[in-house]
Every structure is written in structure tokens, then in C-alpha cells.
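J.: Got a sequence here, can you build the structure:
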Amino acid sequence: WPNFDIWPHFRTMVHQQAYIDWIYRAYQGGLRLASCLAVNNELLASRSDPQGPYDDRSAIVVQVAAMKKMVEFVDQQNGGQGRGWLQIAYSPEDARRIVGENKLAIILGVEVDSFGNWRRLADLEHLVQGDLKEGRRLIGAELDWLYSLGIRQITPIHLTDNAFGGTAIYMRFLDVLNYVVAGRHYEVEDGWDTGIRYRLDHDGGVVGDVERAAAGAGPRISPKPAMNRRSLFHHVPGMGELAENYGDVAAGRSHANRLGLNPFGLILLEEMMVRGMVIDIDHMSQKAADTALDLAEHAGYPVISSHSWFRDLASTGDTEFNPRKPEDYDTDDVHKVAHENAKRADQVERIARLGGVIAPILCQGDVDAARRIMPHLADKIPEPSAGSGTSWAEAYLYVVEKTGGRGVAMGSDINGAADLPGPRFGTLAAFESRNDPRRAEGRRRQIESQHNGVRYDQPIRDYRWFRFAEGGSGGYDDAECNVWNGIAEYKAGFNPGIHKHPPEDYPAASVRRFFERAEVQREEGLVDDIARGLWAADEEGGTGQGADTSAWPPEQRAAYLVRKGATPQEDESSGVKEWYRRILPIWDKWNEMDGDNPPLTRCKIGPRRDFDINIDGMAHYGMLPDLLQDMRNAGLKPEDFGPLFRSAEDYVQMWEKCAGQAKALLQTPLTFVPADYDKPTQLA
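T.: This next block holds a predicted model:
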């Protein structure tokens, strides 16, 4: 602040992406209901210089208090209690009333690794000494405490195994977290027959991810690996000594968690049901999720999947995944291979039949096109771009098809360890194809096939370097990034012939950003020459068609010709012809961003920072409207958005059903026993 260089960015992990003004912009765009979760990770917290208690219970208290304070702040800005555009809903009736008043309803929730600070099954077993009735009392008391705080939605299992069951396995560095929090490594079994193809021993984990990030970093960005959900731990102090803390990996063609729900897990779900709380089955191992769905069907109680991937859309094959034989899966990246944290098709259908809600996570990554599963959807997104809103659109269409269009929402995971959708245009287009040699081969084709970007009411004003970083293999090279940067200067109204670069045009003068600053300064002359050439073509007199431009640098002359709509003459230098070949398609691509939609009002922060879904992707939560417009421009029809625009109503209906079933369950207790339990008395 106030320059906002670098952040917010669609792949940032450590910066705020849901500032109040940006939430308000999403609300202005139509958002009317959202879950807001207290989330914690004790390992990251303990290694990040904590100023207070960092256990899960303490984190919940602090975060819920902050959410309520935020609502109070909005109220104060709008004339007093209850007058703000943002209100907390503690019941389905509250939600209906708040939305009916044209406000944004917030449902408070929890997503932590150790519910009740019970990190391991042994923690609960020690407390109850084999008495499950005492376990039910303790779990019920914990739920009552959370309910008193205003919590209505809970994810019982997060990134680690806990006292209630097993977590879904999909990233090896999370095994480090499991070792620290749960006290042991993952216990795996073969998940081949359920469509899982991911294997822990093909996952480079912390070290491999950092190496890949460093290898993909071009000269126009900092040599430090980019922060993303796979390299997150690299940026946490003291993680180095934990990186080698991997356990032995068992045999099997693919890996799933051996653990499902234990008796305490079933008790937790039952006690949530009698309180009418919303159950989120995301992050559960597939065994745990299947048992949770069995219980929900027995009780007639809907559940949600709040930020989901889908196994049908992941890369798969008939032989075991081998990164040295990427042709079998059309990818070198094990993280794109079908894994346990991605829902199976039958799980999606079961959630829908219960009247639940499924929300595809916004960053679907480089999904294998839905057309492979549902060919009739092929014309919906004619030209997908990996990692952009088109990837989410394909997952969304898949879920709409599976559910009949009921209960389909949007899972942002905002401020979580997940990226947001990237851009369709610019140097970071098709971002999720980078650093994957198999997919990178087709990345340039995806980039060049993009058309009909999102039109804004004003041109960009921020032309700085960070918007045009080199984006990895298969994309634009360094010279082409300079072309994008030079055109941006011109479009933003900066004429280097008469304007001087202000200090904020460069990265901060610090040791950490020394190399980045030096590189930007080194490239400045070339970028400015391209802008000068474009401006020269617009000038009246002086530097017109007949002017002597022979002394100009080749990039300036080429840009001038592009802007004039002229072509290089036969006797032009090879340098001019080469730069013309580079500049012309990028100039055309920039103009294709001016799409056929009624212009959107551009989001701005600070004295100069602005945002553009075309080149920035979804940099923050306030760009939800821009993302929806981008998906429409990419191919979705207005009617395709019907299920999404009905999702607030579907959530409230689901919540109402939870409340109704809670009353019924208080009168007729459950007698559910999982099929794989040998001793039904365990649940007595």
C-alpha cells in the first residue's frame, strides 16, 4: 500500500484477497449468500512467529470475533446496527430475510484439522476410557460451544487425519503436516478400482515443487519460487528439516487413505444433524465420505461439498502413472492425475439426491475437458484455456449435468491454500499448462485461440512490469512480454517521449527484490521504444508516414508500422521484420480483449492500481462479476448460468431441510450402523 505492486494476484498465498471493498464489489455484482469459515493450520501457524495461541480452538475464537467485528464495521458505515449490506445468518429464516432485504447473508463455519483440539483418535479415547456415551457428551458439548459462537457449517476433517477419521490424500507435502499434527504418516491402500491414479511416491513433495517453481521462473520475475499451494511450505520458516520427513510408501497402483470414519466420526455427524448444522464432506477420505453419505441417506439429511474437484475430469489411464511416460496420461504432473480429494461421479449424484449443494472450487487447474465425459458439452466452451475461468466452467457444466442443475454453487476457497482462476489473455494465459512439458506443447495454441475478452468502461491505467511477467514454458518469451508491456504503456496513456517514469514504476529498492528491480530497469528502454513507436503513429505531423524513421531502434519502427496498419518494406532490416512478426499478433490479441459485452466498471485501488480479468485473472474476490462475464464471453450462454444464480436459494432450501430433519431426529434417534463395522455395539 498504496502502490499495490505484485499483489493481489490470482496465485498469491500470503496476501489478503477478500478485503471488505472487494467483497462489496462481489455483492454489487449479485452475490447474496456466502459461507465464511474460520480456518487454521497449526504447523504453518507454529512456524510463522505466532503472537498468541495458535491451536485450532483459539484460532476459531479469534476469527469468529473478527468476522462479527467486520459486520459491525459495515453497520457503522451504513447508519447503525443491522443497516449494513452484510449480515450474519444464524438460521435459514435469517438467510431468507437478509437476502430478501437485498443484503449479503453470511453463514459462519469452521474448517480446521483438529476439531475440538482432538488431533488424534487416542486423544478422545483417553478422555472417554472406552465409554462412547461420554464421547457423545463431549462432542455434543463442543458443538454446543461452536453453535453459541454462531457456527452453523462444519468441515469435520480437513488436511490431516484426526480423532474422527481419515483425510483425502492428494499432495505429499501434506504428509508432513499429518506427521506433525496427527503423529504419524499416511496409511495408504490401493484406490485403483475407484478411479484413483495418484501415487505418493510419484509426488516430488516440497523439494520437487520448489525445484519446478524455480525452473519455471523467467528472468522478469524474482528468482525466489512463486508462492502457490504446492510450494507454500517452502516459504515457512523451519520447513527444511521437515521436508525429508516422508514415510515409506506402500505398494499399490494408486494411493488412497486406509482410514474412513471411526465411531467418534459417526457420533460427530449425528450430533451435528440433531442440531441442524450444515455438514461439509470435503477433504474426507473417500471411505469417510462414503460412510458419511450412507449415514446422510439413512437420516434423509443433506450434506454439502463446498470446494470440490472431480475425478471424472482429472487425467487418467489404464496403466500406472509414470512421469517418465507422460503420453499415457497426457501430463507429466502427478497433481493433475485423478486423486482421492476429487469427488467420484456417484458421490456427486448422491449429494444431489439428498438435496445437498456442490460447489466446484474456482481453481480447477488444467482439467481434462468435460467433453471427454460428456461430448454434447463440447460446443459450450469451444476454446478452453487451462487454469482460467473456462476450466471452472467445464467443471460447473459437469456438475450441472450430474445434478440436474440443482444445488450447484461456487467454491472460492478465497484466502485459502488455493489459486484463483488465471487470465485467458496476456503473458500468464493458460497458466496451468506451464511447467508440464506434455501440456506445454499445446499451450501456445490455447493462448492464440482466445477471443472476445471482457470489455471495460476505461482503458487500463497501470502498465507496470508485474502484469507482464514471463509465465513459464509454452507461453510468451521474454521479448514478447516486453511487447505486452509496451502496448500497455500506450493503452494506459503513458508516452515515454514526454513522460518520465515515476519511482513506483520499479520494484521496491530492497535486498529481497534487487534482481527483480535490476531486470525491470534493464528492459525499460526496449519497452519504452515499443510505446514510442505506437505513439508516433498517432501524432499529427512531425512523425507521420513520410517521416525519417531509419534511425529508430527496430522495435520502435516495427511498432510504428503495426499501429499505422502498414507492413515492412522489402528493404527493411531483419530486426524490424522480426519485431513486426512479434508485435502484430500481440497488438491484435490486445484488441480482441475488447469484447462484445456492455462495458464493466473497472475495479481500482490506490492511486493507480486497476484490474483486468483478461490479463490479471481473478486477482481478488471483487472480480467474481468479471469472471462470470469472462465465462459468458468464452462461450457460456445466459441460460447456462441459471443454476448458479439460483444457488443461494438452493443453499437455503438445503439448510431448511437440515433444520426440519433435526427435529425429526430428536424424536426418532438414528440406528445406523456402517456395513463395514464388525461390532454394532461400538455405536451404542
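J.: what kind of secondary structure is Ala34 in?
T.: strand (DSSP: H, G, I helix; E, B strand; the rest coil).
J.: Repeat that for the one 3 residues further on.
T.: With three-state DSSP as the basis, the three-state label of Leu37 is strand.
J.: quick one: contacts for it?
T.: Leu108, Gly109, Val110, Glu111, Gln153, Thr155 (C-beta atoms under 8 Å, 6 or more residues apart in numbering). Bear in mind the C-beta positions are built from the backbone N, C-alpha and C, glycine included.
J.: which ones among these are found in helices?
T.: Of the positions in the contacts of Leu37, not one sits in helices, assigned by DSSP state H.
J.: Buried subset of those residues, written for ChimeraX?
T.: Buried residues within those, by 16 or more other C-beta atoms under 10 Å, are selected in ChimeraX with:
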select :108,109,110,111,153,155
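J.: Tabulate the contacts of Leu37 (JSON lines), appending pLDDT.
T.: Converted to JSON lines, the contacts of Leu37 look like this (pLDDT from 0 to 100):
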{"residue": "Leu108", "pLDDT": "98"}
{"residue": "Gly109", "pLDDT": "98"}
{"residue": "Val110", "pLDDT": "98"}
{"residue": "Glu111", "pLDDT": "97"}
{"residue": "Gln153", "pLDDT": "98"}
{"residue": "Thr155", "pLDDT": "98"}
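J.: Report the separation between the nearest residue to Ser388 once chain neighbours are set aside and Pro503.
T.: Excluding the flanking residues, the one nearest Ser388 by C-beta to C-beta, 6 or more residues apart in numbering is Arg424, at 4.8 Å. Applying C-beta to C-beta, to the nearest Å, the value for Arg424 to Pro503 is 32 Å.
J.: Show me which of these two is the more surrounded one.
T.: Between Arg424 and Pro503, counted using other C-beta atoms under 10 Å, Arg424 has the larger neighbour count: 34 against 8.
J.: does that one sit in a helix or strand, and which one?
T.: Assigned by DSSP states H and E, Arg424 belongs to neither a helix nor a strand.
J.: Let me see the contact set for it.
T.: Ser385, Ser388, Gly389, Thr390, Ala430, Gln450, Gly453, Asn614, Asp630, Ala634.
J.: Show me the shaky parts of the chain.
T.: 205-249, 368-370, 511, 540-547, 675-684 (pLDDT under 70).
J.: Let me see the contact set for Glu480.
T.: Thr427, Arg582, Ile586.
J.: so how far is His15 from the first one?
T.: Spelled out, it's Thr427. 20 Å.
J.: likewise the last one?
T.: Distance from Ile586 to His15, counting by C-beta to C-beta: 29 Å.
J.: Pick out whichever of those two has more residues nearby.
T.: Ile586 (22 against 15).
J.: Can you verify that one is assigned to a helix?
T.: Yes - according to three-state DSSP, Ile586 belongs to a helix.
J.: isn't it right next to Val483, touching?
T.: Yes - using C-beta atoms under 8 Å, Ile586 is in contact with Val483, at 4.8 Å.
J.: looking at it, Pro643 is touching Arg406, isn't it?
T.: Yes - contact criterion C-beta under 8 Å: Pro643 and Arg406 qualify, at 7.0 Å.
J.: For the stretch 1-150 of the chain, which segments count as strands?
T.: 33-39, 86-88, 104-111 (DSSP state E, counting those that start in this stretch).
J.: Now tabulate the ones you listed in a markdown table and tack on distance to Ala95.
T.: Listed next are the strands of the stretch 1-150 of the chain as a markdown table, based on distance: least, C-beta to C-beta, whole Å:
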| stretch | distance to Ala95 |
| --- | --- |
| strand 33-39 | 6 |
| strand 86-88 | 9 |
| strand 104-111 | 5 |
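J.: Pick the most buried one from those.
T.: strand 104-111 (a mean of 24; mean count of other C-beta atoms under 10 Å).
J.: Parallel or antiparallel, list what pairs with that one.
T.: Partners of strand 104-111 in the sheet, by DSSP bridges, are strand 33-39 (parallel), strand 86-88 (parallel), strand 153-155 (parallel).
J.: tell me what whichever helix or strand comes after the last one is packed against?
T.: On the C-terminal side of strand 153-155, the closest following helix or strand by DSSP H and E is helix 173-182. With contacts defined as 3 or more C-beta pairs under 8 Å, 6 or more residues apart in numbering; DSSP states H and E, helix 173-182 has these neighbours: helix 42-46, helix 205-215.
J.: did I read that right, Ser306 in a helix?
T.: No - if the criterion is three-state DSSP, then Ser306 is strand and not within a helix.
J.: That one - how many residues pack around it?
T.: There are 25 residues near Ser306, going by other C-beta under 10 Å.
J.: so what's the closest residue to it other than its chain neighbours up against?
T.: Distances taken as C-beta to C-beta, 6+ apart place Asp280 nearest to Ser306, at 4.8 Å, with adjacent residues excluded. If you count contacts by C-beta under 8 Å, 6+ apart, Asp280 has them with Gly109, Glu111, Gln153, Ile154, Thr155, Pro156, Val303, Ile304, Ser305, Ser306.
J.: partners of the first one in the sheet?
T.: Gly109 has the following beta-bridge partners by DSSP bridges: Leu37, Gln153.
J.: Just give me the neighbour total for the closest residue to Phe10 other than its chain neighbours.
T.: Setting aside the residues directly before and after it, Phe10 is nearest to Gly617 in space (C-beta to C-beta, 6+ apart), at 3.7 Å. By other C-beta under 10 Å, 30 other residues sit near Gly617.
J.: same check, this time on Gly100
T.: For Gly100, using other C-beta under 10 Å, the count is 10.
J.: Please report phi then psi for Pro384.
T.: Dihedral pair for Pro384: phi -70, psi 160, per degrees, to the nearest 10.
J.: distance of it from Ala378?
T.: For Pro384 relative to Ala378 (C-beta to C-beta), the value is 10 Å.
J.: neighbour count winner among the two?
T.: Each of Pro384 and Ala378 has its neighbours counted (other C-beta under 10 Å); Pro384 has more, 25 against 12.
J.: what sits against that one?
T.: Ala369, Thr390, Ser391, Glu394, Gln446.
J.: got it, and Arg275?
T.: By C-beta under 8 Å, 6+ apart, the neighbours of Arg275 are Leu143, Asp144, Tyr147, Ala662.
J.: Name the nearest residue to the first one, ignoring sequence neighbours.
T.: I take that to be Leu143. Leu143's closest residue in space is Glu271 (C-beta to C-beta, 6+ apart), at 5.4 Å.
J.: possible to save the contacts of Pro384 as JSON lines with secondary structure?
T.: Shown next, in JSON lines, are these (three-state DSSP):
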{"residue": "Ala369", "secondary structure": "coil"}
{"residue": "Thr390", "secondary structure": "helix"}
{"residue": "Ser391", "secondary structure": "helix"}
{"residue": "Glu394", "secondary structure": "helix"}
{"residue": "Gln446", "secondary structure": "helix"}
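J.: which one of those sits closest to Arg172?
T.: The closest of those to Arg172 turns out to be Ser391 (C-beta to C-beta; 23.3 Å).
J.: ok, how many other residues are close to Tyr580?
T.: Neighbour number of Tyr580 under other C-beta under 10 Å is 21.
J.: Would you mark the buried spots in the helix or strand hosting it?
T.: Assessed by DSSP H and E, Tyr580 sits inside helix 574-592. For helix 574-592, burial by neighbour count (16+ other C-beta under 10 Å) applies to Val576, Lys577, Trp579, Tyr580, Arg582, Ile583, Leu584, Ile586, Trp587, Lys589, Trp590.
J.: List the residues that contact the fifth one.
T.: Contact analysis of Arg582 by C-beta under 8 Å, 6+ apart lists Ala479, Glu480, Val483, Ala558.
J.: Any buried residues in stretch 596-607, and which?
T.: Buried, per 16+ other C-beta under 10 Å, within stretch 596-607: Leu600, Arg602, Cys603, Ile605.
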